[in-house]
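Q: Sequence first, predicted model second:
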Amino acid sequence: MTRQAALLFGLFGSFVAAVGIALMVGAVGLSVPDVAAALRGAADAQTQTIVTGLRLPRVLLAAEVGAGLAVAGAVFQALLRNPLAEPYVLGVSSGAAVGAVVAIVFGFTTVSLLALPIAAFIGAAAAITLVLAMAAAAGRGLDTHVLLLAGVVIGAFFNALILLLVNFADLETFRAAMLWIMGSFSGASTEGVVTVGFWVIPALVGLSLLARPLNLLSVGEQSAFHLGVDVSRLKLLLYVGTSLVVGVCVAGSGAIGFVGLVVPHALRLVGGSDHRWLLPACALAGATFLVFADTIARTVVAPAELPVGVVTALAGVPVFLWLLIRHEEGA
Amino acid sequence: MSLFELRDISYSYPSSARPALEEVSLGVAEGSLCALIGPNGSGKSTLLRVMLGELSPTAGSVAYAGRVPGSWNRREIATRIAFVPQAEPMAFPMTVKALVEMGRYPHTGILGRMGSNDRAAIDQAMERAGVADLAARSIRNLSGGERQRARIARALAQEPSVLVLDEPTAALDLHFEMETFELMRELTEERAFTVIVATHNLNLASRYASRLVLLADGRVEAMGCPDEVMTADTISRVYRWPVIVSPLDEEGSGRGMPQVVPLSSGSPNAAG
């Protein structure tokens, strides 16, 4: 067995462990047999409700969103040849959140179940288009500073839009805004798990099938073109795929940052940059990371709850700064 | 018939009023070593990009083996023509072996499973470009010359019949520069490759190429064998610097080929 296959097995093991722990801890502590019984449908009514009614949807949603955001981060990094690229940092998550809030505030969500993910997808696609257009207008294409600056500015603008929209709506203003800006799984439901999974899982499989041409993109678009990649078609597929993943994830749980930065970076250190390995590994590790982060978010200040984005930002910002400094040193 | 056939090619970049290429016509014969020379900004890189289908000409027609390069399926053409760029981004760490394996992309399926012929092509390419003992090294920790040879190995792993290089020796020392030109000649003479190289080294171009194309301001200024193109008059005018040209007085290949010596401003001949 190769090192990378061994790592994938290890990641799968930690994912299962994270799910198990997340199902056990909370306001009511449960034992392994309790959880196992509930998963088989053989526990008492109260345990059953806690495990399969409350905790399981939340854990599964966190796993789907973590997998989606981590893979989207890895794809953005290869597309932009920039280890600092990430849906939240680039303002794409905030764009998706604006789309979702617009759909809710204007009542599109009462018309169709598809309205929320579609609006979030459009918001994500609009954000990445804006960021790339701003970077191009600054005349330096994929320059790291310009891209990051454009992402931060667009993100700030979209966050302001969310606060504005939420104020117009008859929502529990502040909490609702925090949910979209920092992300939370407190509203997780079985329908949410199914809706997010319906879009995200096929999109992740599709992105993983593009792993080889994605490898070639990391040596530049010109070289990829001459190695046999239809670069413009590939880029279109990747941008559409990542916008869809980010849009649906944000529609499900708000804009959670830094998952797409921390996870791919850590995995590249241990297993290398080959996307045939990196993308599945990101899906497993991203799921594990966000299940853990959400468990911390809902237990550390119990009975209150932190937005999960607070936890991921506390873990992610130091990694971001470290990468930025290394990048500046030309490492 | 020529392998590449360009007729009255013009190209303008969208952001620029001045055309980068104007009415360029030329043919590249199969099995030849063709060197593209000319001052900075004369259109060498643009001409390569048009020939390879990366850019569509604003006017005129290009054909590779009788077909417009842009109409080829990308994978199909990548098994015939390989390109070595001037420089490449290196966003993520990667071994030399992984870089060279990229050359097998057009030959393998969606999962990239490699057979014995793929592995043989990789080993042979690394051997040929002299990077076999660097296989496990990270591309980032190599010298400029080693990195360029790794990219040449990747191009050879594509098993093409045409090799196109854009200023491959711009950052290399004398040793690597000579090795690169020797390799290009061996490929054309021993393996019937067609090699097209854009270069600033006029003297090595003259010694090694069978045919020179001199570009100036997007036009073909002179074209033909080195004796016809490398005259003191032409080179002085195009590069706006006085030069003398004398035949190479050296045993071996390239003997008698014209060599350029630029004059310093204090030199008595500099007045002309």
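A: Yes, it's here. Just so it is clear, the model here is predicted, and its values are computed rather than measured.

Q: use CA for all of it now, contacts and neighbours both
A: Will do.

Q: ok, for A:Leu69, nearest residue in space, not its chain neighbours?
A: Distances taken as Cα to Cα, 6 or more residues apart in numbering or on different chains put A:Gly260 closest to A:Leu69, at 5.2 Å, once the chain neighbours are dropped.

Q: ok, now B:Ala78?
A: Excluding the flanking residues, the one nearest B:Ala78 by Cα to Cα, 6+ apart is A:Gly228, at 4.9 Å.

Q: got the contact list for the one residue in the stretch 51-200 of chain B that gets nearest to chain A?
A: In the stretch 51-200 of chain B, the residue that lies nearest chain A is B:Arg75 (4.1 Å; Cα to the nearest Cα). By Cα atoms under 8 Å, 6 or more residues apart in numbering or on different chains, B:Arg75 lies in contact with A:Leu227, A:Gly228, A:Val229, B:Tyr105, B:Pro106, B:His107.

Q: One more: A:Ile256?
A: A:Ile256 neighbours (Cα under 8 Å, 6+ apart): A:Tyr88, A:Ser93, A:Ile181, A:Met182, A:Gly183, A:Ser184, A:Val250, A:Val308, A:Gly309, A:Thr312.

Q: How is it classified with respect to secondary structure?
A: Using DSSP: H, G, I helix; E, B strand; the rest coil, the three-state assignment for A:Ile256 comes out as coil.

Q: need the contact list for the residue in the stretch 51-200 of chain A that chain B sits nearest to.
A: Chain B sits closest to A:Arg81 of the stretch 51-200 of chain A, with a gap of 5.2 Å, by Cα to the nearest Cα. Counting by Cα under 8 Å, 6+ apart, A:Arg81 makes contact with A:Leu217, A:Ser218, A:Gly220, B:Pro89, B:Met90, B:Ala91, B:Phe92.

Q: next one: B:Pro39
A: B:His200, B:Leu215, B:Ala216, B:Val238, B:Tyr239.

Q: Test for you: state the pLDDT assigned to it.
A: With respect to pLDDT, B:Pro39 scores 95.

Q: How about the residues of chain B by chain A?
A: Residues of chain B lying close to chain A by Cα under 8 Å from any Cα of the partner chain are B:54, B:74-79, B:81-85, B:88-94, B:102-103, B:105-106, B:110-112, B:158.

Q: Can you tell me the SS state at the residue of the stretch 201-331 of chain A found nearest chain B?
A: Taking Cα to the nearest Cα as the measure, the stretch 201-331 of chain A has A:Gly228 as its residue closest to chain B, at 4.1 Å. When classified by three-state DSSP, A:Gly228 comes out as coil.

Q: Number of residues surrounding it?
A: Using other Cα atoms under 10 Å in any protein chain shown, the number of residues around A:Gly228 comes to 26.

Q: Hmm, it is touching B:Glu76, no?
A: Yes. Taking contacts as Cα atoms under 8 Å, A:Gly228 lies within contact range of B:Glu76: 7.3 Å.

Q: Helix, strand or coil: sort out A:Leu161 for me.
A: Secondary structure, three-state DSSP: A:Leu161 is helix.

Q: Correction: the previous question concerned B:Glu221.
A: B:Glu221 ends up strand, using three-state DSSP.

Q: who touches residue 185 in this structure?
A: This is for chain A. Per Cα under 8 Å, 6+ apart, neighbours of A:Phe185: A:Arg58, A:Leu61, A:Ala62, A:Ser253, A:Asp294, A:Val308.

Q: other chain: chain B
A: The contact partners of B:Arg185, taken as Cα under 8 Å, 6+ apart, are B:Leu33, B:Tyr208, B:Ala209.

Q: Can you show me the strands along chain B?
A: B:4-11, B:21-28, B:33-37, B:59-64, B:81-84, B:162-166, B:194-198, B:211-216, B:219-224, B:243-247, B:258-262 (DSSP state E).

Q: would CSV of those with distance to B:Glu177 and mean neighbour count be doable?
A: Formatted as CSV, the strands of chain B follow (distance: least, Cα to Cα, whole Å; neighbours: other Cα atoms under 10 Å in any protein chain shown):
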stretch, distance to B:Glu177, mean neighbour count
strand B:4-11, 26, 20
strand B:21-28, 23, 19
strand B:33-37, 15, 26
strand B:59-64, 28, 20
strand B:81-84, 14, 26
strand B:162-166, 13, 23
strand B:194-198, 13, 24
strand B:211-216, 18, 23
strand B:219-224, 23, 18
strand B:243-247, 21, 17
strand B:258-262, 17, 20
